[in-house]
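[1] Turn this into a structure:
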Amino acid sequence: MFVILLLYDIFGSDASKKWFRLVACILLGVQTVMGFFPAATGSAFGGMYICSDMTILMKNILNIGALLVFMQSSYWLRTDEQRQREGEFYIITIATLFGMYIMISATNFMLLYLGIETASLPLACLIAYNKYKEKSAEAGAKYILISALSSGIMMFGLSYLYGATGTMYFADMSAQISASPMIILGLVFFLVGMAFKISIVPFHLWTADVYEGAPTGVTAYLSVISKGAACFVLLFSLYHVFGHIEIIWHHLMWGLTVITITLGNLFAIRQKDIKRFFAFSSISQAGYIMLGIMSGTAQGMTATVYYVLVYLFSNLAAFGVIASVENKSQRTDIAAFNGLYKSNPALSFVMMLAVFSLAGIPPLAGFFSKFFIFAAAAAQGEYLLVFIALANTVISLFYYLLIIKAMFITPTDDNAFGKIQTDGYNKLSLIICTIGILVIGILSITYEYIDGISFGI
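    Numbers count the residues shown, from 1 in each chain. Purely as a prediction, here's the structure:
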């Protein structure tokens, strides 16, 4: 896909490039559909890279999210400012997706690191894509600096682990892992590096500024696809490598989970810009995902993958509406949504479903994802952690209702923009997201399919 789109961008005529988004969406759509057909499993590159039913499913989830982002970005990419650079967006996004594939399938820390860098560097380009806008350039600079710092910290930790065990393979390292100071230090540095990627408190401070400055489609990509890939990697590495010293990192992860959920919720209440609002919401959601990662069971893996899938549809539905409002009004403040229901009831309905799903209101899919993630943690005796997470769910409902209040109750302000005409791509993406929010939770086949290919770790 990368090669085809690159050649198309280089050699295609200006007239033919009007079909660029259609070609990109078709190619990624075909790959996504093919991903659900039976495929060969095994290993490659001396066992550094594996392919299993679970890794294939994780990549398919990322494919679905990337396809929806392509659809939601179509209007923005057709503006006069971006029209000549439309192909670059699709090509760079595919490059980041390739890096995430490597991350998920890696069973060697060097290959994992290469995957992280392959995904992170193009992401900085996407964040700074609006190069003539100060906030976008600033966001790109902040992301690349923080990404470089986190990568350096992670590599420093991996050097300690290699020095202590003499190998970078997950299986070989796991056999030699012990509670020695050198290994513990390496583990801590590795966790810090991954915490930056997932936006776990206190390594989250870049998130709101980057989400606000990046183009809305890129913000959606960061909040779902990038975060989901990092969560999958952390899930695998903790239990494939550091399972023997779980007692050491479990308490650390317990504390990080609590402060991530709590501070993410509390800071979301204070936000006036809706992209910063969802930045802190995504930080809180990362804390909920950590509940499943900490469980360390097949049930926990199933709950984590299911949660990411539901979060993908819910968050991208919200960002699809945000993109529609921003394209019309050039505003991203929450006040731009005042009285939206009167002029755009369909968009208001989709946003309502999205925020209610994120808050965990039944019978939407978000309720079931939270239920399964809490059940996985409770099955391991983490009752206090589940109680704290439940209490934070009430807090999250309060700030999500601020969006509902703006759309359905607050009168339209003087800068009202009237009826929004979204293009067909964005409409289709919102329809897919809405179906996902309404159906995935009710149809148990989704959870059962994920559970069927999970395994005890």
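[2] Now I50: phi and psi?
    phi -120, psi 160 (degrees, to the nearest 10).
[3] Revised request: answer the last question for P411.
    According to degrees, to the nearest 10, P411 has phi -60, psi 150.
[4] Quick one: neighbours of it, just the number.
    The burial count assigned to P411 is 8, neighbours taken as other CB atoms under 10 Å. Where C-beta positions appear, they are placed from N, C-alpha and C, glycine not excepted.
[5] just checking, it touches G339?
    Yes - contact criterion CB atoms under 8 Å: P411 and G339 qualify, at 5.7 Å.
[6] quick one: contacts for A303?
    L291, G292, S295, S369, F372, I373, A375, A376 (CB atoms under 8 Å, 6 or more residues apart in numbering).
[7] my bad, V308
    I61, G228, C231, F232, I289.
[8] now K370
    Y288, Y307, G360, T393.
[9] In JSON lines: the contacts of A303, plus pLDDT, distance to G65 and secondary structure.
    As requested, the contacts of A303 are exported to JSON lines (pLDDT from 0 to 100; distance: CB to CB, whole Å; DSSP: H, G, I helix; E, B strand; the rest coil):
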{"residue": "L291", "pLDDT": "89", "distance to G65": "21", "secondary structure": "helix"}
{"residue": "G292", "pLDDT": "87", "distance to G65": "18", "secondary structure": "helix"}
{"residue": "S295", "pLDDT": "78", "distance to G65": "24", "secondary structure": "helix"}
{"residue": "S369", "pLDDT": "91", "distance to G65": "15", "secondary structure": "helix"}
{"residue": "F372", "pLDDT": "92", "distance to G65": "20", "secondary structure": "helix"}
{"residue": "I373", "pLDDT": "92", "distance to G65": "19", "secondary structure": "helix"}
{"residue": "A375", "pLDDT": "91", "distance to G65": "25", "secondary structure": "helix"}
{"residue": "A376", "pLDDT": "89", "distance to G65": "22", "secondary structure": "helix"}
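[10] among these, which two are most distant?
    The widest separation within those, taken as CB to CB, falls between S295 and S369 and amounts to 14.2 Å.
[11] Can you mark which positions in the helix or strand containing Y341 are buried?
    For Y341, the host element (DSSP states H and E) is helix 340-343. In terms of neighbour count (16 or more other CB atoms under 10 Å), helix 340-343 has its buried residues at L340, Y341.
[12] what packs against the next helix or strand after it?
    Following helix 340-343 in sequence order, the next helix or strand is helix 345-359 (DSSP H and E). When contacts are defined as 3 or more CB pairs under 8 Å, 6 or more residues apart in numbering; DSSP states H and E, helix 345-359 sits against helix 298-329, helix 340-343, helix 365-378, helix 383-408, helix 424-439.
[13] at 10 Å instead, please
    Other helices and strands packing on helix 345-359, by 3 or more CB pairs under 10 Å, 6 or more residues apart in numbering; DSSP states H and E, are helix 274-295, helix 298-329, helix 340-343, helix 365-378, helix 383-408, helix 424-439.
[14] any idea which of those helices scores lowest on pLDDT?
    Here the lowest mean pLDDT among these goes to helix 340-343, at a mean of 85.
[15] what's that one packed up against?
    helix 298-329, helix 345-359, helix 383-408.
[16] Most tightly packed of the ones you listed?
    Most buried of the helices and strands packed on helix 340-343, by mean neighbour count (mean count of other CB atoms under 10 Å): helix 298-329, with a mean of 25.
[17] need the contact list for the most centrally placed residue in the chain.
    The centre of the chain sits closest to V224, judged by CA atoms, centre = their mean, with a distance of 2.0 Å. Taking CB atoms under 10 Å, 6 or more residues apart in numbering as the criterion, V224 is in contact with 61-62, 64-66, 68-69, 282, 285, 308, 311-316, 319.
[18] one more time with 6 Å
    G65, L312, N315 (CB atoms under 6 Å, 6 or more residues apart in numbering).
[19] That's all I had, so thanks and see you.
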